[in-house]
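A.B. asks: predicted model, plus sequence, below.
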Amino acid sequence: MQTDIVPILGIHTSGKSTLIQAIKKMDFSTLGEIAQEMIDEGTQLGMYGCEENQRIIMEREFQRDAQVQELLRTGNKPVYIESWHIGNLAHCKALGLPLFDQYLESFKRIKDQYTIDAVFLNLDPNEICYRSKIETPDNMNKAIDFHRKVGEETIQILQNLDIPHHYINSDQMLKEIKIIL
C-alpha cells in the first residue's frame, strides 16, 4: 500500500524545515509546521508553551487535515508534513498538559484513515545550544532537558500507535541536503 503521509519529526533545530524545503524543491507535496507559523506571529511555544497555544496548534492541524485529504484525493502522494499532529502531541506530553489525552484520542480516530510512514531526524539535544539563540547556561540546560523529553515522547508516541518510522542522522542529512538547496 502506498504511503499517504510522511510526517517529518524531530526536536527544535533538527532540520525539519530544511528537509521539507528540499522535498518541496523536488516537486513533492509538502506542508510546513503550524507551530513555526505561530512563532513567526510572535507566540511563545516550545518549553514556554501553554495549553491554550497547544490547543490552537491542535485545532489548526485538524483544520489543515482537509487540505491533506484534498492533496491525497488529487493523487499527490505522499504528503510530507513538518511535525503534523505527532510533533504537537509530543510537546503536549513533554509539557505535562492535560490536553494530551484528549488530543491523542482525537488523533487516533483520524490516523487510521491514512497510511503513515514517519521520519525522525535524530539530533543530540546538546546541539540545540549551537544551533539556536540560547544565551544563558540555565536556559541552555532547560532547553536541552526539554527537547530531550520531546524527542523521547515523539518516539514513544510513534511506538505506542504502531506508526512505522525511520531514523535519520540529522547532522549528516543537513550536510548532504545543502547540495540540493
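C.D. replies: Great, that's in hand.
A.B. asks: switch to C-alpha atoms for all contacts and neighbour counts from now on
C.D. replies: Fine.
A.B. asks: can you give me the strands in this structure?
C.D. replies: 5-10, 29-31, 79-82, 118-122, 165-169 (DSSP state E).
A.B. asks: could you dump the ones you listed to CSV with mean pLDDT, mean neighbour count and distance to Ile155?
C.D. replies: Formatted as CSV, the strands of the chain follow (pLDDT from 0 to 100; neighbours: other CA atoms under 10 Å; distance: least, CA to CA, whole Å):
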stretch, mean pLDDT, mean neighbour count, distance to Ile155
strand 5-10, 95, 24, 9
strand 29-31, 92, 20, 21
strand 79-82, 94, 24, 15
strand 118-122, 93, 22, 8
strand 165-169, 91, 14, 9
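A.B. asks: reformat those as JSON lines; add distance to Leu19.
C.D. replies: Formatted as JSON lines, the strands of the chain follow (distance: least, CA to CA, whole Å):
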{"stretch": "strand 5-10", "distance to Leu19": "8"}
{"stretch": "strand 29-31", "distance to Leu19": "10"}
{"stretch": "strand 79-82", "distance to Leu19": "9"}
{"stretch": "strand 118-122", "distance to Leu19": "9"}
{"stretch": "strand 165-169", "distance to Leu19": "11"}
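A.B. asks: burial count for Glu70?
C.D. replies: Using other CA atoms under 10 Å, Glu70 has 12 other residues around it.
A.B. asks: and the gap between it and Phe28?
C.D. replies: 14 Å (CA to CA, to the nearest Å).
A.B. asks: identify the residues contacting stretch 100-111?
C.D. replies: Stretch 100-111 is contacted by residues 58, 85, 89, 92-93, 161 when judged by CA atoms under 8 Å, 6 or more residues apart in numbering.
A.B. asks: which of the residues you listed sits closest to Ile8?
C.D. replies: His85 (10.8 Å; CA to CA).
A.B. asks: for the closest one, which non-adjacent residue is closest in space?
C.D. replies: Glu61 (6.5 Å; CA to CA, 6 or more residues apart in numbering).
A.B. asks: isn't that neighbour up against Trp84?
C.D. replies: Yes - checked against CA atoms under 8 Å, the pair Glu61 and Trp84 is within contact range at 6.8 Å.
A.B. asks: neighbour count for these two, which is higher?
C.D. replies: Each of Glu61 and Trp84 has its neighbours counted (other CA under 10 Å); Trp84 has more, 25 against 20.
A.B. asks: nearest residue to the more buried one in space, please, no chain neighbours.
C.D. replies: Looking at Trp84 with CA to CA, 6+ apart, the closest residue is Pro7, at 6.1 Å.
A.B. asks: mind checking how far the one you found is from Pro98?
C.D. replies: Counting by CA to CA - Pro7 and Pro98 are separated by 24 Å.
A.B. asks: ok, Met170 to Glu37 distance?
C.D. replies: Not Met; residue 170 is Ser. Where Glu37 is concerned, Ser170 sits at a distance of 22 Å (CA to CA).
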